[in-house]
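In: What follows is a predicted structure for the sequence shown.
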Amino acid sequence: MTSTRSIAATAVLTSLLASAAGAQPASTLDAIHARLDKAAGAILPKVVAWRRDLHAHPELGNQEVRTSAFLAEQLRRLGYEVATGVAKTGVVAVLKGGRPGPVVGLRADMDALPVTEETGLPFASQARGQYNGRDVGVMHACGHDFHMSMLLGAAEVLAGLKADLAGTVKIVFQPAEEGVPGEPGGAEVMVKEGVLENPKVDAMFGLHVGITPLEAGSITFRPKGLMAAGDTYRIIVKGRQTHGAMPWAGVDPIVVASQIVLGLQTVVSRQIDLTTAPAVVTVGTIEGGSRHNIVPDEVRMSGTIRTFDPDMRKEVLARVKRTAESIASASGATAEVILDEGYPVTWNDPALTERMTPSLKRVAAATFNANAQPTTTSEDFSYYGQKVPALYFFLGVAPKGADPAAWAANHSPRFSPDEAALVTGVRALASLAVDFLAGR
Ligand SMILES: [Zn+2]
Ligand SMILES: [Zn+2]
């Protein structure tokens, strides 16, 4: 009797706690998933049409004027509260669900690349633009047209499920992911302008099409570092110029620079724990000297650093600086090391990644891999992940049965993602929002 009553009381308490935390019973969530999938299928023709229209009208970073006006108009039509002009052309839209709860952010990037399209598609871009002062072809060669149309599709699906959502959806359309020479922009500026505040975002999700030649509808990701931090360094080695026949009368920066090149090899091979994550330090340029019999005054070098762990990144940057400076000083030269930090590591919060893995598994239409290899490319989605728990994943867009060796990758003028993947992207983004708000 006593034990029965206490079991019943515990059950009541558990269900009260669950509803207080916004968690929905599995049967309700299954029903919502069924409606979500149906809605995603029903709006697919619209998603395809949006994608083709966006593809035919690409705009370079920080110039996404037509694109952002179109997205803002669609989001208003869906009943979202829309803010425009965030970080120049960004659009942020908020949808409050039927019940209070956490805030989930979904992000897509809007910019195209200075690439002249060679796909031969009927909706291929004819657009031209100005890049670095030059007239260039403009193309959605990285698939951001896919990202936008899928996120707009997810926004529409979520608007249809509004009454059942326990929390708030924030849709983020971000400019200038590829970076614009000499101009600030993209995610870093969006974050500075408060995109993660009012209402405060509890988790951020995003995806990239392609990157690897996986079949359309494949979903791959990994916990922790998914994409590399890409940092640039320059080193100016200063010696003292003298006659090449009397090197003792000066300080030879060519020999010092050579020692630095070799010393830098030991940063990765001898100084960091490679079992934690991989890393790359490359010397890409080295310039110095004007004549065979002159020891020059200085040598300039530059290179790139790729890391997959935020702590290791700091360590590698510090060790590159220390190695160059110390080797130079051992020879009586100086080395000025200038670090130019690029995008951070795209970091998938391990707890969030584990929690959302079933959501992505449910919607994957081909290969599913929750422990994929990291890639050495970089992504400014990483700035959101520095502030809030985030999860970024890859969506395969290669046509079924295509030869991976013949695949035209992102940034190729022949990059032509398979539209069969669109429905998976819509379902994935909408499911992550629904499941996160449902306490899954
Ligand atoms: Zn790109
Ligand atoms: Zn991209």
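Out: Structure received. Ligands and ions are numbered 1, 2, ... in the order given.
In: Quick one: mean pLDDT over whatever helix or strand residue 327 lives in.
Out: If you go by DSSP states H and E, residue 327 is part of helix 310-330. Helix 310-330 shows a mean pLDDT of 97 in the predicted model.
In: What lies in contact with it?
Out: By C-beta atoms under 8 Å, 6 or more residues apart in numbering, the surrounding residues in contact with helix 310-330 are 229, 231, 233, 235, 237-238, 256, 259-260, 263-264, 266-268, 271-273, 276-277, 279, 281, 305, 307, 334-335, 337, 339, 341, 344-345, 347. The C-beta positions use only the backbone N, C-alpha and C, and glycine is treated the same way.
In: As a check, name the ranges of all helices in this protein.
Out: Applying DSSP state H to the chain gives helices spanning 2-20, 26-42, 44-56, 65-77, 144-160, 187-192, 253-266, 310-330, 350-363, 382-385, 422-437.
In: gap between the fourth one and the chain center?
Out: For helix 65-77, the gap between its own C-alpha mean and the chain's C-alpha mean amounts to 22 Å (C-alpha atoms, centre = their mean, to the nearest Å).
In: got the angle for it vs helix 144-160?
Out: 10 degrees (axes from the mean of the first three to the mean of the last three C-alpha atoms, to 10 degrees).
In: Helix 65-77 versus helix 44-56: what angle between them?
Out: 160 degrees.
In: Give the other helices and strands that helix 65-77 contacts.
Out: Under the contact criterion of 3 or more C-beta pairs under 8 Å, 6 or more residues apart in numbering; DSSP states H and E, helix 65-77 touches helix 44-56, strand 81-86, strand 90-96, helix 144-160, strand 166-174.
In: With respect to residue 113, which of these lies nearest?
Out: helix 144-160 (8.7 Å; C-beta to C-beta).
In: Now find how far off-centre the closest one is within its chain.
Out: 17 Å.
In: any idea where the strands of the stretch 151-300 of the chain begin and end?
Out: Using DSSP state E, counting those that start in this stretch, the strands of the stretch 151-300 of the chain run over residues 166-174, 203-209, 219-220, 224-227, 229-238, 242-243, 279-288, 294-295, 298-307.
In: Run through the neighbouring helices and strands of the first one.
Out: In this structure, strand 166-174 packs against helix 65-77, strand 90-96, strand 99-109, helix 144-160, helix 187-192, helix 422-437, with contacts taken as 3+ C-beta pairs under 8 Å, 6+ apart.
In: how about these, which one is nearest residue 415?
Out: So among the helices and strands packed on strand 166-174, helix 144-160 is nearest, using C-beta to C-beta, at 10.4 Å.
In: looking at the helices and strands packed on helix 65-77, which is closest to residue 124?
Out: Nearest of those (C-beta to C-beta): helix 44-56, 7.4 Å.
In: check contacts around residue 178.
Out: Contacts of residue 178 (C-beta under 8 Å, 6+ apart): 61, 111, 113, 142.
In: That one and residue 267: what is the separation?
Out: According to C-beta to C-beta, to the nearest Å, residue 178 and residue 267 sit 28 Å apart.
In: now residue 172
Out: 36 Å.
In: ok, now residue 285?
Out: From residue 285 to residue 267 the distance is 18 Å (C-beta to C-beta).
In: Same drill for the two, tell me which one is more crowded.
Out: residue 267 (21 against 9; other C-beta atoms under 10 Å).
In: Can you report how many residues lie near the residue nearest to that one when sequence neighbours are not counted?
Out: Spatial nearest neighbour of residue 267, excluding adjacent residues (C-beta to C-beta, 6 or more residues apart in numbering): residue 319 at 4.8 Å. If you count neighbours by other C-beta under 10 Å, residue 319 ends up with 19.
In: try the one 5 residues further on
Out: Taking other C-beta under 10 Å as the criterion, the count of residues near residue 324 is 27.
In: I am finished for the moment; much appreciated.
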